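1. Provide a 3D model corresponding to the input given below.
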Amino acid sequence: MSVFRIMAIVLLINLLPACVLIEAKLEEDDERRDRETILRERESAADRRRRYPSTSPEGLPGFVVTDIPSARARFGGGEPTITNEFSIVQEIGSRASSADSLFFTDARSTVSGATVTPACSDRFCSFVLSGSYSSIKRLEFSLRRPKDLSLINDFSRTNPLRGYNSRTAAVMTDEGVTLIQSRAAARQDDYTRLAFQTYGGWLGDHSGSVFGLERITVSQGARGILRDAAFSFGNSSGTNPTGTGRAVWRGVFIGTHEGNDRISQGIAEIDIDDFASPNVDLVLSDVLDINSQSQVSVSAEWNDMDLTNGRFHHNNTAVMGSFYEQNHEEVGGVVNDRGWIGAFGGTRQ
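-> This is a model prediction of the structure:
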């Protein structure tokens, strides 16, 4: 063996402990970095939970009725016959499954007043939320198996909603309408939150139309946009009401007015003055703030609306509605005009 080969072997033997120490040091550094990464991720998750709300629907800004006994007393409302939350949700689902018509107003920003117009078919409406603060760019509302009064559908197959949670409660009966409210919340990721507050009502005992007003909150972090939209759905008659003389349908209007982000409730009266030349009038009266009971509007009315195949409208989408059920026992629709975003429903008197 040459001298040089012997020297190389000796050198390697002398360096081996140092290599082992270096390897051990590298493994130790890797373990430390892993621990630090895990701690940062845990701290980050905890920080996100502190900074951004959970998907609990509790604690949302006051839009739905906060003092039910006071509201009942002011509006002369009675106790609803259905109070169990599961039964209420079942009732909504049953009515939605038999409905063939869905009306939605524009979704109006509560801050800027800017509106988003929906694209609707008979049982489905969608909104494209361009320019919102979050990654949620599309909302879909469907009569297919609603989870609660909000009618929200799983709008994104690639980024589905997670942690959906809702609370639904009956409020009162008024003018033959059972009034209920829902609060719901979900998230798309750790930063993006979607929340709904809905106040509405149904007509009839176990079938019939439903209408309501919905506040949609789409937020990312501390910033977000609130939009209000109203809806009505039911089993459209497809034909005009018949009879002689005049007929009246009376019920409830629920809405919010431009510049006032609180919810209001009033009386809706829909009439056909003369069946020989039928057109539809809508009058809203005694509209009050649902929580403070202060007067919001004395009255508003839309007259001589065209009626075709059981449906009527004013300026295409300013007011849209339909007579529901085979014998036209019910009527419902939405208002998107004169500063109002709202919905109404009533029964034939």
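2. can we go C-alpha only for contacts and neighbour counts from here?
-> Fine.
3. which residues in the stretch 201-349 of the chain form helices?
-> Counting by DSSP state H, counting those that start in this stretch, the stretch 201-349 of the chain has no helices to list.
4. show me where pLDDT drops low in it?
-> Along the stretch 201-349 of the chain, the model assigns pLDDT under 70 to residues 206, 220-224, 298.
5. across the sheet, point out what pairs with the residue nearest to Glu214 when sequence neighbours are not counted.
-> Distances taken as C-alpha to C-alpha, 6 or more residues apart in numbering place Thr198 nearest to Glu214, at 4.3 Å, with adjacent residues excluded. Beta bridges link Thr198 to Ser182, Glu214, judged by DSSP bridges.
6. just to check, Thr198 is in contact with Arg183?
-> Yes - with contact defined as C-alpha atoms under 8 Å, Thr198 counts as touching Arg183 (6.4 Å).
7. Thr242 and Asn309: what is the separation?
-> Separation of Thr242 from Asn309 (C-alpha to C-alpha, to the nearest Å): 12 Å.
8. ok, residues contacting stretch 311-320?
-> Stretch 311-320 is contacted by residues 103, 105, 238, 240, 280, 302, 305-307, 321-323, 333-337 when judged by C-alpha atoms under 8 Å, 6 or more residues apart in numbering.
9. which residues touch Asp174?
-> Neighbouring residues of Asp174 by C-alpha under 8 Å, 6+ apart: Phe75, Gly76, Gly77, Gly78, Gly251, Val252.
10. what's across from the nearest residue to the second one once chain neighbours are set aside in the sheet?
-> The spatial neighbour of Gly76 that comes closest, neighbours along the chain excluded (C-alpha to C-alpha, 6+ apart), is Asp174 at 7.1 Å. On the basis of DSSP bridges, Asp174 takes part in beta bridges with Val177.
11. again, but for Ile270
-> Applying DSSP bridges, one finds that Ile270 bridges with Trp249, Leu282.
12. surely it and Leu282 touch.
-> Yes - in this structure, Ile270 is within contact of Leu282 by C-alpha under 8 Å, at 4.6 Å.
13. counting neighbours, go ahead and name the busier of these two.
-> In this view Ile270 and Leu282 are compared by other C-alpha atoms under 10 Å, and Ile270 has more residues nearby, 25 against 19.
14. for Asp304, see how far away the more buried one is.
-> 11 Å.
15. joint contacts of the two?
-> Residues touching both Ile270 and Asp304 (C-alpha under 8 Å, 6+ apart): Val280, Asp281.
16. skipping adjacent residues, who's closest to Ser121 in space?
-> Spatial nearest neighbour of Ser121, excluding adjacent residues (C-alpha to C-alpha, 6+ apart): Leu102 at 7.6 Å.
17. over to Asp228?
-> Once flanking residues are discounted, Asp228 sits nearest to Arg215: 4.5 Å by C-alpha to C-alpha, 6+ apart.
18. that neighbour contacts Arg227, correct?
-> Yes - Arg215 is in contact with Arg227 according to C-alpha under 8 Å; the separation is 5.6 Å.
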